[in-house]
Every structure is written in C-alpha cells, then in structure tokens.
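Participant: quick one: sequence plus predicted model below, questions after.
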Amino acid sequence: MKPDGKTDGLHLEAISIRLHGRTLLSLSALVRPGDILTVMGPSGSGKSALLAYLGGFLDPVFKASGRISIDGLDLTGIAVEHRRCGMLFQDPLLFPHLSVGGNLLFGLTPSIARRDQRRRMAEQALIDVELEGFFDRDPATLSGGQKARVALQRVMLSAPRFLLLDEPFSKLDTDLRQQTRALIFSRAKSAGLPIVLVTHDRADSDAAGGNVVVIGEESSR
Ligand SMILES: Nc1ncnc2c1ncn2[C@@H]1O[C@H](COP(=O)(O)OP(=O)(O)OP(=O)(O)O)[C@@H](O)[C@H]1O
C-alpha cells in the first residue's frame with residue numbers, strides 16, 4: 001500500500017478516448033504488479049490508441065482524458081521519455097544497423113556508465129533467454145522467436161515501470177507463440193511489472209490469466 005492509500009500497480013482511472021466527437025472507449029482498471037490486463041475488441045475500436053495514451057504518445061487527433069498512475073506516481077502529464085514504459089509490438093523492431101548486443105546496450109540506462117559492466121549485463125540478459133553467445137550476431141540472421149526474445153530483453157534492460165504489449169506474438173507460429181508468451185509473462189511477473197496486453201487471440205488472454213476488458217462492442221454492431 002502506498003502513502004496515498006492506493007494499492008501498488010498501474011491505475012487507470014476514468015480513461016476516455018474520443019475521435020472526431022465519438023467516444024471510442026471508456027475504462028477504469030487496476031493492474032497489480034506481475035498481473036496482466038488483456039484488452040480485446042474489434043479492429044478500429046481503439047486498442048492501439050489506448051496503448052499510445054498509456055505510453056504518452058497518442059496522436060493529438062484523439063482527445064483523451066483520465067488519470068494514469070503507477071505505484072502512486074501520477075504519469076498523466078509526464079512525457080513519453082520519462083514514463084519508463086516498455087513496449088513490445090507485432091514486429092520486434094530490432095535496429096538492423098546494430099548487432100544483437102548493440103540493440104541490448106541501446107536499452108540500458110546511460111547511468112550505468114562502465115562499458116564492461118554494461119556489456120556483462122547485456123550478455124547475462126542473453127543467457128537468461130537462452131541466447132548465450134549471440135552478442136555479436138546480426139539481428140537479420142535470427143529467427144522470429146529469437147528476435148522476440150532480444151526485443152524483450154532490450155525492454156527489460158531499460159528498467160521499465162510497466163509493459164505495454166501490442167500483439168507481440170501474432171507473427172509467431174503456434175509452438176513458438178506459446179513459448180514466447182510464457183517467457184514474457186514469467187519475466188514480467190518475476191520483475192513485478194504490470195502488463196497491458198492487446199490481442200485478438202483468446203489463447204493469449206487465457207494464458208494471461210483471464211483479466212479481460214472488451215472495448216468497442218457497440219461500434220462493431
Ligand atoms: N492518426 C490517426 N488519425 C485519424 N484517425 C486515426 C488515426 N489513427 C487511428 N485512427 C482511427 O482511430 C480508430 C482507432 O484506431 P486503433 O488503431 O486504436 O484501433 P485498433 O483497435 O488498435 O485496431 P486494430 O485491431 O485494427 O489494430 C480507428 O477508427 C482508426 O481508423
């Protein structure tokens with residue numbers, strides 16, 4: 001419990017997103033550390049807009065209101081670069097001009113100044129996802145699942161306060177999808193991070209623990 005009397009976690013209070021005068025979504029939720037809130041809804045219902053609002057980079061064409069806080073810290077007015085929110089997308093979006101290690105070092109906070117220390121952290125992050133020895137590899141030579149694991153560790157090294165996942169498993173085939181999902185969920189749980197997950201797949205929401213909000217139902221009818 002925080003000094004302001006609130007429970008730890010990501011609080012979404014009376015979030016509302018509008019587009020051209022129409023309310024796309026309204027929601028309130030608490031996502032506790034290590035828990036996952038799954039957001040589902042038809043195409044165009046505003047799932048990505050919600051993640052963008054939580055991350056602090058919503059296109060100004062949308063009008064949004066509501067309070068976002070994490071562990072009692074109000075994030076609503078905080079700029080994207082200071083929110084410390086980790087994002088994973090459908091595509092792992094690894095930088096093609098950097099090695100796997102370069103991608104991981106990109107995620108590390110500059111406050112960890114010693115180069116050897118930074119490298120050790122990146123190497124350990126690779127070991128943690130069974131990619132030992134991949135530091136100097138070109139990301140283009142990695143499989144989809146390996147790229148997803150590097151993207152996850154780049155995010156984790158940036159010491160996020162919470163994670164936003166926008167269909168990060170949808171391009172992986174079934175087995176790999178299951179494996180990658182389990183890995184991401186267990187890493188987030190052990191780090192005590194709240195997750196907001198956007199997906200179209202019931203298997204994802206079941207694996208995430210079944211805490212689901214469905215948005216945009218009226219607009220799909
Ligand atoms: N920059 C923009 N300018 C105007 N309209 C936009 C913009 N970005 C998205 N939209 C519209 O806002 C609505 C919500 O879009 P959003 O991408 O959040 O939906 P979504 O639920 O994530 O869809 P999908 O499941 O297809 O990814 C849609 O009607 C979309 O066309």
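Facilitator: In hand now; what should we look at?
Participant: leaving out chain neighbours, which residue sits closest to Phe169?
Facilitator: Among residues not flanking Phe169 along the chain, Arg177 sits closest, at 4.6 Å (CB to CB, 6 or more residues apart in numbering). In short, each C-beta sits where N, CA and C put it, glycine included.
Participant: let me know how buried that neighbour is, in neighbour terms.
Facilitator: 21 (other CB atoms under 10 Å).
Participant: again with Leu164
Facilitator: If we define neighbours as other CB under 10 Å, then Leu164 has 26 of them.
Participant: SS state for the residue most central in space within the chain?
Facilitator: By CA atoms, centre = their mean, the chain has its centre lying nearest to Leu164, at 2.4 Å. Classification of Leu164 using DSSP: H, G, I helix; E, B strand; the rest coil returns strand.
Participant: distance of it from the ligand?
Facilitator: Applying CB to the nearest ligand atom, to the nearest Å, the value for Leu164 to the ligand is 12 Å.
Participant: who touches that residue in this structure?
Facilitator: Going by CB atoms under 8 Å, 6 or more residues apart in numbering, Leu164 touches Leu51, Leu54, Gly55, Cys85, Gly86, Met87, Leu88, Ile195, Val196.
Participant: which ones among the residues you listed lie within strands?
Facilitator: Counting by DSSP state E, the part of those found in strands is Cys85, Gly86, Met87, Leu88, Ile195, Val196.
Participant: so which of those residues is the closest to the ligand?
Facilitator: Nearest to the ligand out of those is Val196 (CB to the nearest ligand atom; 12.6 Å).
Participant: and the protein, which residues reach the ligand?
Facilitator: Leu19, Leu24, Gly41, Ser43, Gly44, Ser45, Gly46, Lys47, Ser48, Ala49, Asp59, Val61 (CB under 6 Å from any ligand atom).
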